[in-house]
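*Asks:* I'd like to go over a predicted model; first the sequence, then the structure.
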Amino acid sequence: MSAVIEIENLSKDYEVGFLRKKRVRALDSLSLRVERGEIFGFLGANGAGKSTTMKLLMRLIYPTGGRARVLGRDISDVSVHARIGYLPEHPYFYDYLTAREFLVYCAELFGYANDDCRARAAELLAAVRLDAKSWDKQLRKFSKGMLQRVGLAQALVNDPEVVFLDEPMSGLDPVGRREVRDLIASLRTRGTTVFFCSHILSDIEVLCDRAAILQRGRLAHVGRLEELRRAAGEQRAMEITVAGADATQLGAALSQLGGARVVATPGGARIEVAKEHDVDAALAAVRTVAGARLVSVQPVGGALEELFVGDDDSAAKP
Ligand SMILES: Nc1ncnc2c1ncn2[C@@H]1O[C@H](COP(=O)(O)OP(=O)(O)OP(=O)(O)O)[C@@H](O)[C@H]1O
Ligand SMILES: [Mg+2]
């Protein structure tokens, strides 16, 4: 069976500049497959090309090269839009409509019968946990987080087979993040395929079956979460916190260990080693310093951070 989303060598150049036009490669030969029912995370730093990919798949912009299929149809075939949902990065709403009116309108666009539209609107507003007191308020009076919920509701109006969510947690408070996370997880039980992008690692880590990491327009990694974690662990920096000894003493003891960095802290020092592999040697060196007490050993950043940030040499070139 073919994948729900198939992306093949998809590239996008933007033309920038006014008098002297220059082409900037925002997406460079992306190839990716997302299977039915997967929650797929699309991760990357600001400017990595996540929204560009989404917009290409939604046919809001045109590719410079390559092709993609959604539900077996080429992205140029917009009839497939009846079966998918999309939450844009910066959703634009009709400000003077209320939340309920807006969703009724969306349901009408998808051809729901009149009575069904109102029921559908209520069902969705409840699903995204928008406070019922706000259902009949104009959207222009909504906070960012409230608008984000309306945006999500709108993406689900047609009970889509695939949803594309561009930063679904953006603008939400911690409770809101958890609610949206639960909502996305509940889509899994209905068999909906979810393709969502984020620069927040923890959202991807708790939700996704698989994830892709985009670095400056290029696919840097793709795989199941545990594979990505393993790859990250192998090159993960570790931080060792020590009390009872000063940075100079520790620095001397660690001088044999290449790549260890020692930073003074009140009452002790923090030692950073480039790889998890070096922790044992560093601890052995710390023990040789009189009075040194081990406080903690922990990874620097989240498990996937190393893969996410990457190194500067892999920058996409136009
Ligand atoms: N309309 C445009 N014209 C010119 N350059 C653009 C345009 N849209 C995006 N870019 C550039 O393309 C690159 C990718 O942008 P994109 O919006 O896809 O990143 P992103 O991964 O979604 O980032 P963020 O996390 O900030 O939303 C950036 O360098 C950006 O400056
Ligand atoms: Mg974006």
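*Replies:* Looks like it arrived, so ask away. Ligands and ions are numbered 1, 2, ... in the order given.

*Asks:* and the strands in the stretch 201-318 of the chain?
*Replies:* Remark: strands assigned in the stretch 201-318 of the chain by DSSP state E, counting those that start in this stretch are 210-215, 218-224, 238-243, 261-265, 268-273, 293-299.

*Asks:* what sits against the residue nearest to S296 when sequence neighbours are not counted?
*Replies:* Spatial nearest neighbour of S296, chain neighbours left out: T241 (4.6 Å); criterion: Cβ to Cβ, 6 or more residues apart in numbering. No exception for glycine: its C-beta is placed from N, CA and C like everyone else's. Contact analysis of T241 by Cβ atoms under 8 Å, 6 or more residues apart in numbering lists T265, G268, A269, R270, I271, L294, V295, S296, V297, Q298.

*Asks:* just the buried subset of these, please.
*Replies:* G268, A269, R270, I271, V297 (16 or more other Cβ atoms under 10 Å).

*Asks:* so can I have a markdown table of these showing distance to ligand 1 and pLDDT?
*Replies:* Shown next, in a markdown table, are the buried ones among the contacts of T241 (distance: Cβ to the nearest ligand atom, whole Å; pLDDT from 0 to 100):
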| residue | distance to ligand 1 | pLDDT |
| --- | --- | --- |
| G268 | 37 | 90 |
| A269 | 35 | 93 |
| R270 | 30 | 93 |
| I271 | 33 | 93 |
| V297 | 32 | 90 |
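
*Asks:* helix, strand, or coil at the closest residue to I61 other than its chain neighbours?
*Replies:* Spatial nearest neighbour of I61, excluding adjacent residues (Cβ to Cβ, 6+ apart): K55 at 4.7 Å. What DSSP: H, G, I helix; E, B strand; the rest coil gives for K55 is helix.

*Asks:* any idea how far V162 is from V128?
*Replies:* V162 is 18 Å from V128, where distance means Cβ to Cβ, to the nearest Å.

*Asks:* returning to what we had before: out of the buried ones among the contacts of T241, who's nearest H199?
*Replies:* R270 (26.2 Å; Cβ to Cβ).

*Asks:* domain ranges for the chain?
*Replies:* The record's domain parsing of the chain by automatic domain parsing lists 5-232, 237-299.

*Asks:* what's the most buried one of those domains?
*Replies:* Ranked by mean neighbour count under mean count of other Cβ atoms under 10 Å, these are led by domain 5-232, which reaches a mean of 18.

*Asks:* now do that domain: distance to the chain's middle.
*Replies:* 10 Å (Cα atoms, centre = their mean, to the nearest Å).

*Asks:* for the record, mean pLDDT for it?
*Replies:* Across domain 5-232, the average pLDDT comes to 91.

*Asks:* hmm, back to that, can I get the buried ones among the contacts of T241 in CSV with distance to Y62?
*Replies:* As requested, the buried ones among the contacts of T241 are exported to CSV (distance: Cβ to Cβ, whole Å):
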residue, distance to Y62
G268, 57
A269, 55
R270, 50
I271, 51
V297, 50
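
*Asks:* which other helices and strands contact the strand or helix carrying A26?
*Replies:* For A26, the host element (DSSP states H and E) is strand 22-34. If you count contacts as 3 or more Cβ pairs under 8 Å, 6 or more residues apart in numbering; DSSP states H and E, strand 22-34 packs onto strand 5-16, helix 50-57, strand 65-70, strand 210-215, strand 218-224.

*Asks:* mind listing what it pairs with, with the direction of each?
*Replies:* Using DSSP bridges, the strands paired with strand 22-34 in its sheet are strand 5-16 (antiparallel).

*Asks:* L57 touches A68, doesn't it?
*Replies:* Yes. Using Cβ atoms under 8 Å, L57 is in contact with A68, at 5.9 Å.

*Asks:* overlap of the contact sets of those two?
*Replies:* The contact lists of L57 and A68 share I5, I7, I75, where a contact means Cβ under 8 Å, 6+ apart.

*Asks:* which residues touch stretch 281-298?
*Replies:* So stretch 281-298 is contacted by 238-245, 249-250, 253-254, 256-257, 260, 268, 271, 273, 279 (Cβ under 8 Å, 6+ apart).

*Asks:* end-to-end on it?
*Replies:* 15 Å (Cα to Cα, to the nearest Å).

*Asks:* and stretch 121-135, by the same measure?
*Replies:* End residues of stretch 121-135 are separated by 9 Å (Cα to Cα).

*Asks:* repeat that for stretch 118-134.
*Replies:* 16 Å.

*Asks:* equivalent analysis for stretch 133-141, please.
*Replies:* First-to-last residue span, stretch 133-141, Cα to Cα: 13 Å.

*Asks:* and the strand or helix carrying A121, what does it pack onto?
*Replies:* Assessed by DSSP H and E, A121 sits inside helix 114-127. Applying 3+ Cβ pairs under 8 Å, 6+ apart, one finds that helix 114-127 contacts helix 99-109, helix 144-155.

*Asks:* great, nothing more from me.
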